[in-house]
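J.: what's the 3D shape of this:
(one chain, ligands or ions: 2)
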Amino acid sequence: MSVSSHTIYRKDYRPYPFTIERVQLHFALEPQHTIVTNTMHVIAKEHNATMVLNGEDIELQAIYINGKALTSYEYSDNLLQFKPSETEFDLKIVSSCNPSANSTLMGLYVSGQSFFTQCEAEGFRRITFFPDRPDVMSEYIVTIEADKKQYPYLLSNGNLISSQDLDNGRHQAVWHDPFLKPCYLFALVAGDFDIREKTSHTRSGREVLLQIYSDKGSGDQTLWALDSLERSIQWDEKRFNLELDLDRFMIVVTHDFNMGAMENKGLNIFNAVYVLADPETATDANYMGIESVVGHEYFHNWTGNRVTCRDWFQLSLKEGLTVFRDQEFSADMAARLLPPEAALSARTVKRIEDVTHLRAAQFPEDAGPMAHPIRPDSYQEIGNFYTMTVYEKGAEVIRMQHTLLGEEGFQQGMQEYFRRHDGQAVTCDDFVNAMESVYKARHSGKDFSVFRHWYSQAGTPTVNVQLDYDTHQQTASITLTQHCDKVGVEKLQADMEKKPFHIPFHIGMLNQAGQAIPLNIEGLEDITPTLQNGVLLDLKVPSQTWVFKGIKERPILSLLRDFSAPVSVIYDYSFEELAVLCAHDSNPFARWEATQELISREILRLTQCIQEEKSLALNPIIHQVWQHNLSDPLLDAAYRTWILALPSEKVLLERLHPITPLALNKALQFVRQSLATVHRDVWISTYQHYHAQEDYQPDPISIGKRSLKNLSLNYLLSIKDPEGIALAKTQYQQAKNMTDRMGAISALLHYADKADTETINQDFYQRFENNPLVMDKWFALQATSAQSVKTIRTLMDNPLFTLRNPNRVRALLFQFCMNNTEAFHQNNGEAYTFWAEQVIALDAINPEVAARFARVMDNWQRFAEPHKTQMQKALQSIAQQTALSKNTTEIIEKALS
Ligand code: PHE
Ligand code: ZN
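T.: Ligands and ions are numbered 1, 2, ... in the order given. Below is the predicted model:
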């Protein structure tokens, strides 16, 4: 198996030799046989060039140039090619496709009773023949024709020009999008829906119609999404000075979707999980997810649509930037209306969540076979590059530019970016150039030449910190030394030498009593003062030292505050130093970080003890810290939840060499149980204090209370505390919202004996059988609490399970393989074989989702035996398949290389 010859390189980019000014599409919609007539107005940019069009899984019926049938063309390997004799002409292509048979969910497909499209990245070629690349931008006029009774709503991008009834019970609608766009932003929807709408006014006073289309009967669950949309519009005006450019903005819900949502111009299409919510069926996390994804897709209207990508290697240009924007939106929304202290805490909680997500999923990616720079140099299948690296690390790279420039400078850079590139398809370099122009002006000519290495190099750099304290001189010297190993494809490039990164490194110092030490930066270079008596060190070389004067005692270092760069810090803390930071660091992010570092060291030590079959005991310092933070009256509930929680298992696994998943899982359990046992009464009283039966509100204060309450329940149930179990059962039964119901059932299913949970488990099923989003939660609960593969196989036989629905597959299969360490990694290797079977089955249905699922084994080489060999066998069994998709082939091939 080797398809590496299919590799596409960034350096091979060539502009398309034709302009396609206008695209007129006509759709005659039938589920099994849809006819698409595509008339393009083409202008040649080069003399004598060949016109190359993509087409996949569609049937070519006819081609005309200026109305005359074209006969001399070549059509093979999904490429249609010919040499036009004219320099300006109308090219008309008729083709057909079968949307109801399209299980890939790319191109035109049927979900429920409705038609949907998904074109990013390369789905438009499954609809019609076209140069399917983002740098070909055109004006679109779309006519949709379909049965009126079955499909009363016919939607596409832009403005509705006309609609009329036709013969035979059919009707049609014509849409015009006045903005030039690449074909990946095209969208069409046809079906019957509930509609929730609202007129709103933009800052300049223009009236805009905001609409949400969702499946019949779900219209009462779209209020939060519509409000989130309005808040997004207002926020982008206020913080980024960007106004909605359309008269109408639509969101449509589908239950079958490969990803979260899609930013098609004026017609966003959303996975139902990111739109539908009411208190009875959606958790706090769902509410927050909706707000952030609605924001994300809306923000793409400027960062992605008005300015788009030149080629798919530039994906992070729109995704990294838009994730940064949605993170800031969520943080601003959480902090809104709160007094300064509480606002800082709310922003920090959001930052903690984002950083945890990055460490749990992006750090492993950056250390594995799929490691790539945020702007990759090559790929086989672009669908595989919608990664944590492009999105989340991409957002961190934007955030560092924000840190270096400050809010005002960053906004100036954004204005400059739009001034230069509005309406264009551009590169990541173009973005950095705009930001750099502001940076140079503000920092006497300093540039971003070292900073750009974040775009060209992969891997998580480590920063080694050394403190030299001189009692006589009263100086503290801080030396930062960076290092980054070659990862992924870099390893194959013998002549490649890794260059240093530009790392903004935010630090502070505390004295032994935990008070902040003011830092004097006089005479120091590459340094800027920050809040909470901190400083930002600008590391641009392999190693640099900063000497701070007037430091009266050996300081305790507060490092990488607010996670100012996506790096790992190495510093030899004592437990006592960490304990001081855990209780006193005035930077709330760093204070949380200290709790995590302290307990992580202990969990890793205990993991080792388990391996060596030694007896286990928890360092008493941990208990002191937890005791202090459990009762610190200055901390709000949301933040307190995070500093009392245990680190993510995924983050911890990354720190094991080799990875021993079962031992780590045991160590985590041991630590959870000791903290539960020793502080048992405080957990009970904390639970009672925060357990209020208020009307449901998804605001940060109420969310915080629910999360601390549910955390307490988790600790209590980890020791099967009888009172805790009783509290959980009552909470389940009396729950008025899904967060409470889920908190209770989840703790019960994961920790209590089966006898204690069966009735509740069945009750949940029967109560919500008809709600697919809640059934996804039920499947996920079963998947993460199952004790063996057999349970999962039985669940696959449940009539509600299907491999065709990505949400259901993610709920059962992904959850089992990614979030059930005990059962997935059991020593017999049975679950690995099961995984391989399912990758193969899924690949025949939906390659995009299968390839994502295939990544479960990315880091197999770092596992201890017997896992490693068993995982390798499972991977090889997939590699031996003959009809594997390009998507899955790339993943498996890279994993085994
Ligand atoms: N562009 C979408 C987003 O980030 C994600 C997406 C990619 C959706 C590919 C579908 C297909 O908002
Ligand atoms: Zn996006």
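
J.: contact partners for Pro847?
T.: Thr104, Gly383, Ser885, Lys886, Asn887, Thr888 (CB atoms under 8 Å, 6 or more residues apart in numbering). Any C-beta I mention is one placed from the backbone N, CA and C, and that applies to glycine too.

J.: pick the one among those residues closest to Leu29.
T.: Using CB to CB, Thr104 is the member of those that lies nearest Leu29, at 18.5 Å.

J.: what residues are up against the closest one?
T.: Thr104 sits next to Arg126, Ile845, Asn846, Pro847, Glu848 when contact means CB under 8 Å, 6+ apart.

J.: again with Ser674
T.: Listed by CB under 8 Å, 6+ apart, the contact set of Ser674 reads Leu618, His623.

J.: surely it is within a helix?
T.: Yes: read with DSSP: H, G, I helix; E, B strand; the rest coil, Ser674 is one of the residues of a helix.

J.: below-threshold pLDDT in the protein: ranges please.
T.: Applying pLDDT under 70 to the chain flags residues 1-5.

J.: give me the distance between Gly829 and ligand 1.
T.: Between Gly829 and ligand 1 the distance is 34 Å, computed by CB to the nearest ligand atom, to the nearest Å.

J.: you'd agree that residue is up against Pro866?
T.: Yes: the criterion here is CB atoms under 8 Å, and Gly829 meets it with Pro866 at 6.6 Å.

J.: looking at the two, which is more packed in?
T.: Gly829 (16 against 12; other CB atoms under 10 Å).

J.: how far away is the more buried one from Ala874?
T.: From Gly829 across to Ala874, the span is 8 Å (CB to CB, to the nearest Å).

J.: which residue ranges of the stretch 301-450 of the chain form strands?
T.: Remark: strands assigned in the stretch 301-450 of the chain by DSSP state E, counting those that start in this stretch are 308-309, 378-379, 425-426.

J.: what strands flank the last one, and is each parallel or antiparallel?
T.: With DSSP bridges as the criterion, the sheet partners recorded for strand 425-426 are strand 308-309 (parallel).

J.: for Gln693, grab the count of nearby residues.
T.: Neighbour count of Gln693, defined by other CB under 10 Å: 9.

J.: okay, the strands of the stretch 301-450 of the chain, which one's buried deepest?
T.: Most buried of those by mean neighbour count (mean count of other CB atoms under 10 Å) is strand 308-309; its value is a mean of 24.

J.: tell me the helices and strands packed up against the longest helix seen in the chain.
T.: Longest helix in the chain by number of residues (criterion: DSSP state H): helix 394-421. Helix 394-421 is packed against helix 223-240, helix 315-335, helix 428-442, helix 453-456, strand 503-510, with contacts defined by 3 or more CB pairs under 8 Å, 6 or more residues apart in numbering; DSSP states H and E.

J.: buried set for that helix?
T.: For helix 394-421, burial by neighbour count (16 or more other CB atoms under 10 Å) applies to 394-405, 409-414, 416-418, 421.

J.: got it, and stretch 468-483?
T.: Buried-residue list, stretch 468-483, by 16+ other CB under 10 Å: Ala476, Ile478, Leu480, Thr481, Gln482, His483.

J.: export it to CSV, keeping only CA atoms.
T.: Extracted C-alpha coordinates of stretch 468-483, given in CSV (Å, rounded to 0.1, in the frame of the first residue of the first chain):
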residue,chain,number,x,y,z
ASP,A,468,20.2,31.5,39.8
TYR,A,469,19.7,33.5,42.9
ASP,A,470,22.6,35.4,44.4
THR,A,471,22.0,36.2,48.0
HIS,A,472,24.9,38.8,48.1
GLN,A,473,24.0,40.7,45.1
GLN,A,474,20.2,40.2,45.6
THR,A,475,19.8,39.2,42.0
ALA,A,476,17.7,36.6,40.4
SER,A,477,18.9,35.4,37.0
ILE,A,478,16.3,33.7,34.8
THR,A,479,17.6,31.7,31.9
LEU,A,480,15.2,30.4,29.3
THR,A,481,16.4,27.8,26.9
GLN,A,482,14.2,26.5,24.2
HIS,A,483,14.3,23.2,22.3
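
J.: pull the distance from it to the chain's centre.
T.: What separates the centre of stretch 468-483 from the centre of its chain is 38 Å, taken as CA atoms, centre = their mean, to the nearest Å.

J.: going forward can the numbers begin at 28, since that is how I track them
T.: New numbering, starting at 28: the last item is stretch 495-510.

J.: list the contacts of that stretch.
T.: Stretch 495-510 is contacted from outside by 488-494, 527-528, 530, 532, 534, 536, 564, 566, 569-579, 581-582, 584, 594, using CB under 8 Å, 6+ apart.

J.: quick one: contacts for Gly751?
T.: Trp710, Ile711, Tyr714, Leu740, Leu743, Leu744.

J.: and the second one, how many neighbours does it have?
T.: Under the neighbour criterion other CB under 10 Å, Ile711 is assigned a count of 18.

J.: element containing it, please.
T.: helix 707-717 (DSSP states H and E).

J.: that helix: which residues count as buried?
T.: For helix 707-717, burial by neighbour count (16+ other CB under 10 Å) applies to Arg707, Trp710, Ile711, Thr713, Tyr714, Tyr717.

J.: closest one of the residues you listed to ligand 1?
T.: The nearest member of the buried residues of helix 707-717 to ligand 1, counting by CB to the nearest ligand atom, is Tyr717 at 34.9 Å.

J.: residue contacts, the closest one?
T.: By CB under 8 Å, 6+ apart, the contact set of Tyr717 is Ala664, Lys732, Arg733, Leu735, Lys736, Ser739.

J.: hmm, stretch 356-374 touching ligand 1?
T.: No: counting by CB under 6 Å from any ligand atom, ligand 1 is not contacted by stretch 356-374; separation bottoms out at 13.7 Å.

J.: may I have that stretch as CSV, with CA atoms only?
T.: Taking Å, rounded to 0.1, in the frame of the first residue of the first chain, the C-alpha atoms of stretch 356-374 are listed here in CSV:
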residue,chain,number,x,y,z
PHE,A,356,-16.0,36.2,22.1
SER,A,357,-16.8,33.5,24.6
ALA,A,358,-14.5,35.0,27.2
ASP,A,359,-16.1,38.5,26.7
MET,A,360,-19.5,37.0,27.0
ALA,A,361,-18.6,35.1,30.2
ALA,A,362,-17.1,38.2,31.7
ARG,A,363,-19.9,40.6,30.7
LEU,A,364,-21.8,42.2,33.5
LEU,A,365,-19.4,40.9,36.2
PRO,A,366,-17.3,43.1,38.5
PRO,A,367,-13.5,43.1,37.7
GLU,A,368,-12.4,40.2,40.0
ALA,A,369,-15.2,37.9,38.9
ALA,A,370,-14.7,38.9,35.2
LEU,A,371,-11.0,38.0,35.5
SER,A,372,-12.0,34.7,37.0
ALA,A,373,-14.5,34.0,34.3
ARG,A,374,-12.0,34.8,31.5
